[in-house]
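>>> need a structure here:
(chains A and B)
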Amino acid sequence: MPTCPDGAVRAEHLWKRFRADRGRRLLRDHVSRATARLRGPVPENPWRWVLRDVSIDAEPGEAVAIIGANGAGKSTLLKIVSGVMFPHTGRLATGGRVGALIEVLSGIHPELTGRENVMIYGTLLGLSRRQVAEKVDEIVAFAELEDAVERQVKFYSSGMKMRLGFAVAAFLEPSILIVDEVLAVGDTSFQQKCLDRMRDVIQSGTTLLLVSHDLAAVGATATRGVWLDDGIVRADGPIEDVLGAYRRDIESDAAAHANVHGLVEVHDVRADGPNGRLVAVNEECTVRLTVSTDVERQVNLYLGASEGAPTPIFVVRHEAMLPPGRTELELVMPRLPLPPGQYFLWFGAYQVETRIEFTPWQPIAPLLVSGVRQLDPTPRAIVRLSPVYVEAQWSRVRDSGASANGNGERGVAAERTEP
Amino acid sequence: MTVPVPTPRDEPEPTSASGPVRASSVASAIPDEPPPELRYRRALKLGTSLRSLWAARHTVSSLAVRDLRSTYNQEILGVGWALLQPFTLMVVFTFLFNRVGKVNTGGAPYPLFSYIGLVPWTFYANSVQTAGLSLVNQPLLNKVYAPREVFPLSEVVVAGVGAICASLALGVLFLVEWTAPASTSYWVVPLIVILIGFTVACSLLAGAVTVYLRDVRHALPLVMQLGLFLTPVVYGLRELPVAYRAAYCAINPLGAVIDGFRECVLYGRAPSFTYTTIGAASTVVYLLGTYLIFKRLETGFADVS
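As a prediction, the model looks like this:
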């Protein structure tokens, strides 16, 4: 095992298995298992591997996101790193104190007041009594509890409980912070506060291991991504690349499972750039699609583009009277606002008045956007909902040194910058 | 503290000779079974385990405080409940033995005689029963890292607080009977150490075994009821034939402890040296054995609990 500096995680070849059978632990279950073993070799392997040869490294101060579908082994991996579970096979070393934020509500006791809970939960998470006492006001202020701290937690709203749990954990200051799907607590403004706090934590040199299904938040917080798929590391690298690979996988999965049949069927889809070239950023894009219907229908056709989830980046609608048989349609978008990357075209057809669906919303074709104009990255911990390319030009209108006799605020700013 | 130089991510991962190549997108490179030479084995060292337990002492006290506060805050009688349990038993047994048959109390009033045995017994029984359940349905087990001993140990602490309250009532009982504790009462200190040691040992075992064998939670109250009569709590150790007493104290150190309490508090004698030494020695063995069993079973707690 290599040496492990403070804040580093070194996990090599981790394997973990759980029982795949009923797994109950009553005496008669033990007896029946024992008699089954006595009768002959057990036909079925009672174990199921949830982690297979997973290696994960984190340098001090790095923010690593672990993404993957439900049941991919993300939480198990975090539990092993945090030390509450032990691996079956592999080597593991962590440097410094590990603080785990897994289900923030589990340590909150409903019969106690908010303040008592802060004290007790803080020590449970590894702080000394004095450390918690020093921070209790800060924690209460962060959780926005005000007078409610002296009330029993069972009288709290669920949002208050969540905020209390997160606030305690947010002030832990461990060397390694493990966060499992707890970012989405409280309302939107508190979520932003949590993300800000998370950024502070990273900035102070804490290593962050993060599990979340909120891919936008993951992209904004983490620098590196590890994609777990059915217990195997599918990708490990810069967060944008891993997220991209993961999104493409989700989408092609969705496309493979898509029910392409409906009352309005799609037969052929083709997307082209100007003059038949490749589709490119901020250029003209033409989508030709052939649809068919059995009887004449008045329909609302929707076409959208997405980068992963069935939440589209944009949608265009077209109301049309489709005659029986095939109809070829053409959609021209003069300037495609998507940055280079892999997207999917989604399609849906609905009745105009009743909005009854003829064809459900589904991916119909991949859309590859080429070009060199990359999207500018968002600042750290700022969540971008979906990538849209906006043509923008920056220019310097005036320098602070250019005119010292400007009036209003600009003049004041100019004075301040002078030595 | 040296600041490590981060290794560049772009470099290909070195292939280790023992394990498979790092899995980046090639799922087929991963074998079906893990390489046996990499099997995770935790080095079990008594010193290291105890040190990490000492580091987690705040967790023990926090858990205990949380339990005590949440149970006693809302009840009218509060800690009075801790007192009521041995007290009721004492009253019942006093009536029972006054009517049915005499117990040789060595001249001491029977209420005092039995209460002095019932307080340590209640402490022991409550500890083991609650510790037995402390690791199942424990929401914190999977969430908070601490040596797993903290959960049964915090239950022992909670029961200990109850026992302290119950022993305060002993003073009232002495007043009622108009006697005083003998001057040799200081002997209770080593006896309490033995009592705590044996209680911790049984609590660790009960907690660990219940995780893997859930039936134990139903068996424990039964075992404790039987134990009340198999232990010299409501009768004296002297009821046993002399030949068996030493062996009994080795199996059940509570016999030596309770007998010692009565000797030094009621009769003004030092506790029997033989029985106390045997009890202490067997407690050490119990404690070491159950702690090692607990630590061995500990690695699987989070998986099945």
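
>>> in the stretch 251-400 of chain A, which ranges drop under the pLDDT threshold?
Within the stretch 251-400 of chain A, the set of residues satisfying pLDDT under 70 comprises A:251, A:253-261, A:308-309, A:380-383.

>>> Smallest gap between it and chain B, at which residue?
Sorted by distance to chain B under C-beta to the nearest C-beta, the residues of the stretch 251-400 of chain A start with A:Ser252, at 14.6 Å. Placement of C-beta: from N, CA and C, glycine included.

>>> which element is the residue in the stretch 201-350 of chain A that chain B sits nearest to on?
For the stretch 201-350 of chain A, the nearest residue to chain B under the criterion C-beta to the nearest C-beta is A:Val233, separated by 5.0 Å. Assignment of secondary structure by DSSP states H and E places A:Val233 within strand A:232-238.

>>> Which elements pack onto that strand?
Helices and strands touching strand A:232-238, by 3 or more C-beta pairs under 8 Å, 6 or more residues apart in numbering or on different chains; DSSP states H and E, are strand A:47-58, strand A:224-229, helix A:239-257.

>>> so can I have JSON lines of the ones you listed showing mean neighbour count?
Rendered in JSON lines, the data for the helices and strands packed on strand A:232-238 read as follows (neighbours: other C-beta atoms under 10 Å in any protein chain shown):
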{"stretch": "strand A:47-58", "mean neighbour count": "21"}
{"stretch": "strand A:224-229", "mean neighbour count": "24"}
{"stretch": "helix A:239-257", "mean neighbour count": "17"}
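
>>> Could you dump these into CSV with distance to A:Thr206 added?
As requested, those are arranged in CSV below (distance: least, C-beta to C-beta, whole Å):
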stretch, distance to A:Thr206
strand A:47-58, 11
strand A:224-229, 15
helix A:239-257, 17
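
>>> Of the ones you listed, give the one that comes closest to B:Gly289.
Ranking those by their distance to B:Gly289 (criterion: C-beta to C-beta) puts strand A:47-58 first, at 29.5 Å.

>>> Give me the neighbour count for the residue nearest to A:Leu278 when sequence neighbours are not counted.
When the adjacent residues along the chain are set aside, A:Leu278 lies closest to A:Ser370, with 4.7 Å between them (C-beta to C-beta, 6 or more residues apart in numbering or on different chains). Taking other C-beta atoms under 10 Å in any protein chain shown as the criterion, the count of residues near A:Ser370 is 13.

>>> now A:Ser370, which residues is it bridged with?
Under DSSP bridges, the beta-bridge partners of A:Ser370 are A:Ala280.

>>> Hmm, A:Val279 and it touching each other?
Yes: using C-beta atoms under 8 Å, A:Ser370 is in contact with A:Val279, at 6.7 Å.

>>> The stretch 1-150 of chain A: strands as residue ranges?
In the stretch 1-150 of chain A, the strands defined using DSSP state E, counting those that start in this stretch lie at A:9-19, A:47-58, A:63-67, A:89-94, A:98-102.

>>> For A:Asp214, which of those is the nearest?
Proximity to A:Asp214, assessed across the strands of the stretch 1-150 of chain A by C-beta to C-beta, is greatest for strand A:63-67 (10.0 Å).

>>> Identify the residues contacting the closest one?
A:56, A:58, A:74, A:77-78, A:202, A:207-213, A:215, A:218, A:221-228, A:239, A:242-243, A:246 (C-beta atoms under 8 Å, 6 or more residues apart in numbering or on different chains).

>>> can you do 6 Å?
Around strand A:63-67, the neighbours that count as contacts under C-beta atoms under 6 Å, 6 or more residues apart in numbering or on different chains are A:58, A:74, A:202, A:208-211, A:218, A:221-227, A:246.

>>> pLDDT at B:Val79, what is it?
Residue-level confidence at B:Val79 comes out at 68, pLDDT.

>>> residues from the stretch 151-300 of chain A in reach of chain B?
Neighbours of chain B within the stretch 151-300 of chain A, by C-beta under 6 Å from any C-beta of the partner chain: A:232-234.

>>> ok, 7 Å please
Contacts of the stretch 151-300 of chain A with chain B, taken as C-beta under 7 Å from any C-beta of the partner chain, map to A:232-237.

>>> hmm, which of those are the buried ones?
Burial by neighbour count, 16 or more other C-beta atoms under 10 Å in any protein chain shown: within those this picks out A:232-236.

>>> for these, which one is nearest A:Arg197?
When those are compared for distance to A:Arg197, the smallest value, 26.7 Å, is given by A:Asp236; criterion: C-beta to C-beta.

>>> Distance of the closest one relative to A:Ala65?
11 Å (C-beta to C-beta, to the nearest Å).

>>> again, but for A:Leu78
Relative to A:Ala65, and taking C-beta to C-beta, A:Leu78 is found at 11 Å.

>>> neighbour-wise, which of the two wins?
Set A:Leu78 next to A:Ala65 and count neighbours by other C-beta under 10 Å: A:Ala65 wins out with 25 against 22.

>>> nearest residue to that one other than its sequence neighbours?
A:Ala65 sits nearest to A:Ala222 (C-beta to C-beta, 6+ apart), 3.5 Å away.

>>> My guess is the one you found contacts A:Gly237. True?
No: A:Ala222 sits out of contact with A:Gly237 when judged by C-beta atoms under 7 Å, with a separation of 11.5 Å.

>>> I'd assumed B:Leu191 was in a strand, is it?
No: residue assignment for B:Leu191, taken from DSSP: H, G, I helix; E, B strand; the rest coil, gives helix, which places it outside any strand.

>>> How many neighbouring residues does it have?
The tally of other residues near B:Leu191 (other C-beta under 10 Å) stands at 24.

>>> How about A:Leu101?
Tallying neighbours of A:Leu101 according to other C-beta under 10 Å, which is how burial is gauged here, yields 25.

>>> Buried residues in stretch B:126-133, which are they?
When burial is assessed from 16+ other C-beta under 10 Å, stretch B:126-133 yields the following buried residues: B:126-133.

>>> In helices only, show me those.
B:126-133 (DSSP state H).

>>> can you list those residues in TSV and add pLDDT?
Output for these, formatted as TSV (pLDDT from 0 to 100):
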residue	pLDDT
B:Asn126	93
B:Ser127	95
B:Val128	96
B:Gln129	95
B:Thr130	93
B:Ala131	94
B:Gly132	93
B:Leu133	92
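
>>> Output the residues of the stretch 151-300 of chain A next to chain B in JSON lines, with distance to A:Ala143 and pLDDT appended to each entry.
Shown next, in JSON lines, are those (distance: C-beta to C-beta, whole Å; pLDDT from 0 to 100):
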{"residue": "A:Ile232", "distance to A:Ala143": "39", "pLDDT": "90"}
{"residue": "A:Val233", "distance to A:Ala143": "36", "pLDDT": "91"}
{"residue": "A:Arg234", "distance to A:Ala143": "37", "pLDDT": "91"}
{"residue": "A:Ala235", "distance to A:Ala143": "36", "pLDDT": "90"}
{"residue": "A:Asp236", "distance to A:Ala143": "35", "pLDDT": "92"}
{"residue": "A:Gly237", "distance to A:Ala143": "36", "pLDDT": "90"}
